[in-house]
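Enquirer: Got a predicted structure plus its sequence, pasted below:
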Amino acid sequence: MKPLIIAAAFAFGLGSAGAFAHDDGQSGKTAEVRQKQESKGHGAELGKPGDAKKVSRTIEVEMGDDMRFQPANIVVKRGETIKFVGKNNGRLKHEMVLGSMNELKEHAALMRKFPDMEHDDPNAVSVEPGKTGELIWQFSRAGTFDFACLQPGHFEAGMVGRIIVSDANSAESGQAMTAGLVKKFDKDAGKVTISHEPIENLGMPKMTMVFRVKDPAMLDRLKPGDKINFIADKVNGAFTVMSFELAK
């Protein structure tokens, strides 16, 4: 059985073909030189490999042969260092690779072309059946990012997830932000209809519902079709959007 591959360097590679590097002949280069090269990659846009001594919290991500992650939607704060513990509950090899959706699509195509290629990248962890693996990452930029299993056929089967990195300055009372899609709104009534992911602090599942807004002026910044990250709470018995930011 091949050993677990734990990510330990910086960002994606320098290009689509090199982003999931194997032994690329750089093993003799100094760590400083390699870090300078890797820091130019796309992974630098969402963060960098984290320091195990500075882990903010641990998030367990289960991987199954139903080609799904649990949880599939993860919310973190900008600046947090997260230790992801990938737990493979299936009988197939799975992995968790961080990146943008375009990059993941490109690399999934590369994996189909070279199915025996192994990852050894800072933004990925591969896990054998029945095993666990760790990926430590510091998120330095707010926005919405993706992760996926790029084993041949798994990405195409829907084994993808999303990470929402909220701006720490926009969070209220330490609440995590929730991803949503604005369907419509009524400025006169101060209400907005949002199709949203589960809202943790309210114990609310994924659904589409009508919210009040804390300040009607907030609606001046929205239009139907906008993707947002928002914080909701219950105010005077009404579910209310307290703050939001447009998703990157």
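Expert: Looks like it arrived, so ask away. Numbers count the residues shown, from 1 in each chain.
Enquirer: Any stretches of this protein with poor pLDDT?
Expert: For the chain, applying pLDDT under 70 flags the ranges 1-45, 115-120, 167-175, 248.
Enquirer: per-domain residue ranges of it.
Expert: Here the domain parsing of the chain from automatic domain parsing is 5-168, 172-243.
Enquirer: can you give me how far the first one is from the chain middle?
Expert: Taking CA atoms, centre = their mean, to the nearest Å, one finds domain 5-168 lying 9 Å from the centre of the chain it belongs to.
Enquirer: likewise the shortest one?
Expert: Put simply, domain 172-243 sits 21 Å off its chain's centre (CA atoms, centre = their mean).
Enquirer: And the helices in the protein?
Expert: Counting by DSSP state H, residue ranges of the helices within the chain are 31-38, 101-113.
Enquirer: still on that earlier bit, okay if I get the domains of the chain as CSV plus mean neighbour count?
Expert: Where you see a C-beta, it was placed from the backbone N, CA and C, and this is true even at glycine. Formatted as CSV, the domains of the chain follow (neighbours: other CB atoms under 10 Å):
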stretch, mean neighbour count
domain 5-168, 18
domain 172-243, 16
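Enquirer: Spell out for me which residue occupies the centre of the protein.
Expert: When CA atoms, centre = their mean is applied to the chain, the residue found nearest the centroid is Ile163 (2.3 Å).
Enquirer: Show the contacting residues for Phe230.
Expert: Phe230 sits next to Met177, Thr178, Gly180, Ile194, His196, Val241, Met242, Ser243, Phe244, Glu245 when contact means CB atoms under 8 Å, 6 or more residues apart in numbering.
Enquirer: so what's it bridging to?
Expert: Thr178, Phe244 (DSSP bridges).
Enquirer: Would you quantify the distance from it to Phe244?
Expert: Distance, Phe230 to Phe244, by CB to CB, to the nearest Å: 4 Å.
Enquirer: Can you check which residues contact both of these two?
Expert: Common neighbours of Phe230 and Phe244 (criterion: CB under 8 Å, 6+ apart): Met177.
Enquirer: Now the contacts of Phe230 in TSV, please, with extra columns for distance to Met111.
Expert: Shown next, in TSV, are those (distance: CB to CB, whole Å):
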residue	distance to Met111
Met177	32
Thr178	32
Gly180	32
Ile194	35
His196	32
Val241	40
Met242	42
Ser243	39
Phe244	36
Glu245	34
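Enquirer: Show me which of the residues you listed is closest to Asp121.
Expert: Ranked by distance to Asp121 (CB to CB), these are led by Met177 at 27.5 Å.
Enquirer: give the contact list for the residue in the chain sticking out farthest from the centre.
Expert: In the chain, counting by CA atoms, centre = their mean, Asp188 sits farthest out from the average C-alpha position, at 35.7 Å. The contact partners of Asp188, taken as CB under 8 Å, 6+ apart, number zero.
Enquirer: before we move on, what about His94?
Expert: Shown in contact with His94 (CB under 8 Å, 6+ apart): Met63, Gly64, Gly86, Asn88, Ser126, Val127, Cys149, Gln151, His154, Met159.
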